[in-house]
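1. Structure for the following, please:
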Amino acid sequence: MMLSPAFAQEGMMLGCNPGTSECVDDTSFRVCTERAVWGETQYCLLEQQCVNGQCMERLGCQPGARECVDAYSYRVCGSHAVWNPTQYCGSGQTCYNGQCTPSPQCSYHDTRCSPTDSRMLQVCNSQGQWQDWKKCSHGCRSGACMDCRSGDRQCYDNTHYQKCDSDGEWGPSKYCGSGYVCDSGDCVQSSHGPCSREGATRCSPDRDTELQKCTNGYWKDYVYCPMGCANEMCVQCFTGNTQCVDSTHYQTCGSLGQWGARMSCPTGQICSVNKCHAPSGNECATPGIKRCSPSDAHMLQSCSENNAYVDYLRCAQGCFDGQCAECEPGTSVCAGATSYRTCSADGHLSDPIDCPAGYTCDGSGHCVATPVCLDGQRTCVSDSVYSCSGGQWQLLMHCPQDNDCKESAGTAYCQPESRQPTEPTQPTQPTQPTAGGPTGLEMLLGAGIAVLGGALVYFLFLRK
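-> Okay, here's the model as predicted:
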């Protein structure tokens, strides 16, 4: 197909390849027509933006981040900071924090007594799975720890006490009476009066921020409680609050204002700012796990003991899927004398691939014809000169007509054909020379001398 000069010039000026596309701005693009000129501008949908000439969902996610689309599907943020297509969890699984987990066994925050330990209270975690929560000092009943042992007594406040009933629950408060205060569940006189159990503690009946201790038979102020005193202890926290014990464990404040047992965060989460959550940015949940640095394609990072990714190893061939590549993608290396291996897009070497028959693997990992000669050598094949190049004989030239190909001292060259002297033809009846008569040569010499003598006489005597 012939193009007019004007069209050809126009195509060269524009320089677009038919079928390619490019972004005009963040919300529109154009496509190169079959005439190698840009078509009219086209616009992306309202919730899309143009990236590399294609309309995609708007930017805004962290590459590698995951989130649940609904209870049974999730999506992953791609390398261009846009969400990849939705993926679905398998049978018997649901999505939680962008990960597929086993289907829920229970409702979040529900409690029950462990079916295998009568003293263990279990709670339903955020993934809908039962997990051990805390050990019940007095046993577990109906999904709750029993508060006390039947018959025990405790102070309800400074002037009232309670008694534990047969269900392991504290009964109604009872008044100690005028002039009496509650001490370790017993009603005694005076806030600094005598006490019966040396070393016992109680909340002061006069000040709700003072913990008292029985010393030498009398109650004495012992510890100041900034958050108040209750149940013969300084209050440590507000009921329901949580705090991080370390990067993967937390505590919950119980009904008595005391921190409960140390609990593990759900798998894959860390604890910071007093709550468990999925890691983000440079945070990580499992020390020792590896990832490729999001800002350096050749850096392998490791999760430290502080649950933060730190630079670990520089990968000469690049980092892929949390490990250093074995090779540079697209290259090949020799696996043996007659085989090679190719490097895949994720930096891994393939199984050995055999070279064709008659080929060997060279230093660059490519199959080449097996050498049969040394470069620079020459040899004769019939009347042609062949030269060795790349380990193979190749025709250099044909010798001209009446020339032969000759080899000498490791080289070959063309040389004119050698001619042998022709034998004289023998007469059928050879003539024998006459005895005593002059030969042809003698007669020729005699004639020449006669001519020279006549000329001499002419010049000397006759010429006047």
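2. okay, CA-based contacts and neighbour counts for the rest of this
-> Noted.
3. Which secondary structure element is home to residue 61?
-> Residue 61 is part of no helix or strand when elements are defined by DSSP states H and E.
4. by contact count, what packs against the host helix or strand of residue 112?
-> For residue 112, the element it lies in under DSSP H and E is strand 111-113. Contacts defined by 3 or more Cα pairs under 8 Å, 6 or more residues apart in numbering; DSSP states H and E place strand 111-113 against strand 120-124, strand 144-145.
5. partners of the longest one in the sheet?
-> Each strand pairing with strand 120-124, determined using DSSP bridges, is listed with its direction: strand 111-113 (antiparallel), strand 130-135 (antiparallel).
6. Burial-wise, tell me which of those comes out on top.
-> Highest mean neighbour count of the strands paired with strand 120-124: strand 111-113, a mean of 21 (counted as mean count of other Cα atoms under 10 Å).
7. show me where the protein has helices.
-> In the chain, the helices defined using DSSP state H lie at 5-14, 440-457.
8. The ones you listed: lowest mean pLDDT?
-> When those are compared by mean pLDDT, helix 5-14 comes last with a mean of 45.
9. for residue 67, what are its contacts?
-> Neighbour list for residue 67: 74-76, 96-99 [criterion: Cα atoms under 8 Å, 6 or more residues apart in numbering].
10. roughly how far apart are it and residue 368?
-> 51 Å (Cα to Cα, to the nearest Å).
11. same deal with residue 294?
-> According to Cα to Cα, residue 294 stands 40 Å off from residue 368.
12. just residue 404 next, same as before
-> Counting by Cα to Cα, the gap from residue 404 to residue 368 is 33 Å.
13. what about these two, which has more around it?
-> Between residue 404 and residue 368, residue 404 has the larger neighbour count (other Cα atoms under 10 Å), namely 19 against 16.
14. Do I have it right that the more buried one meets residue 398?
-> No - between residue 404 and residue 398 there is no contact under Cα atoms under 8 Å: 9.6 Å.
15. Could you name every residue contacting both of those two?
-> What both residue 404 and residue 398 touch, as defined by Cα under 8 Å, 6+ apart, is the set residue 383.
16. ok, back up a step: TSV for the helices and strands packed on strand 111-113, including mean pLDDT, mean neighbour count and distance to residue 354?
-> Below are the helices and strands packed on strand 111-113 laid out as TSV (pLDDT from 0 to 100; neighbours: other Cα atoms under 10 Å; distance: least, Cα to Cα, whole Å):
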stretch	mean pLDDT	mean neighbour count	distance to residue 354
strand 120-124	92	23	58
strand 144-145	88	20	70
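17. looking at these, which is closest to residue 264?
-> strand 120-124 (12.3 Å; Cα to Cα).
18. contact partners of that closest one?
-> Outside strand 120-124, the residues touching it (Cα under 8 Å, 6+ apart) are 106-114, 130-136, 139-140, 143-145.
19. same deal with stretch 328-347?
-> 317-321, 324-327, 348-355, 359-367.
20. What's the PyMOL syntax to select whichever of those are buried?
-> With 16 or more other Cα atoms under 10 Å as the criterion, this PyMOL line picks the buried residues out of these:
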select buried, resi 318+319+320+324+325+326+327+348+349+354+355+359+360+361+362+365+366+367
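21. Please flag which of the contacts of stretch 328-347 sit within strands.
-> With DSSP state E as the criterion, strands contain 319-320, 324, 353-354, 359-361, 367 from among the contacts of stretch 328-347.
22. Tell me how far the residue nearest to residue 170 when sequence neighbours are not counted lies from residue 185.
-> Nearest-residue entry for residue 170: residue 164, 4.4 Å, with adjacent residues in sequence omitted and distances by Cα to Cα, 6 or more residues apart in numbering. Distance of residue 164 to residue 185, computed by Cα to Cα: 11 Å.
23. Identify the contacts common to these two.
-> Counting by Cα under 8 Å, 6+ apart, the contacts common to residue 164 and residue 185 are residue 153.
24. still on that earlier bit, hmm, which two among the contacts of residue 67 are most spread apart?
-> The most widely separated members of those, counting by Cα to Cα, are 76 and 96 (13.1 Å).
25. Neighbour count for residue 164 and residue 185, which is higher?
-> residue 185 (23 against 19).
26. Excluding chain neighbours, what is closest to that one?
-> That would be residue 154: by Cα to Cα, 6+ apart, it lies 3.8 Å from residue 185.
27. Please name the bridge partners of that neighbour.
-> With DSSP bridges as the rule, residue 154 is bridged to residue 162.
28. And for it, the neighbour number?
-> So residue 154, with other Cα under 10 Å, has 20 neighbours.
29. Ok, residue 382 next?
-> Counted with other Cα under 10 Å, residue 382 comes out at 11.
30. and what of residue 166?
-> Neighbour count of residue 166, defined by other Cα under 10 Å: 12.
31. The nearest residue to it once chain neighbours are set aside - how many residues pack around it?
-> Once flanking residues are discounted, residue 166 sits nearest to residue 150: 5.0 Å by Cα to Cα, 6+ apart. Using other Cα under 10 Å, residue 150 has 16 other residues around it.
32. can I assume residue 150 is in contact with residue 139?
-> No - assessed by Cα under 8 Å, residue 150 is found out of contact with residue 139, at 11.6 Å.
33. ok, and the closest non-adjacent residue to residue 250?
-> residue 244 (4.2 Å).
34. Check that neighbour and give its pLDDT.
-> The model's pLDDT for residue 244 equals 92.
35. Who are the contact partners of it?
-> Per Cα under 8 Å, 6+ apart, neighbours of residue 244: 250-251, 271-275.
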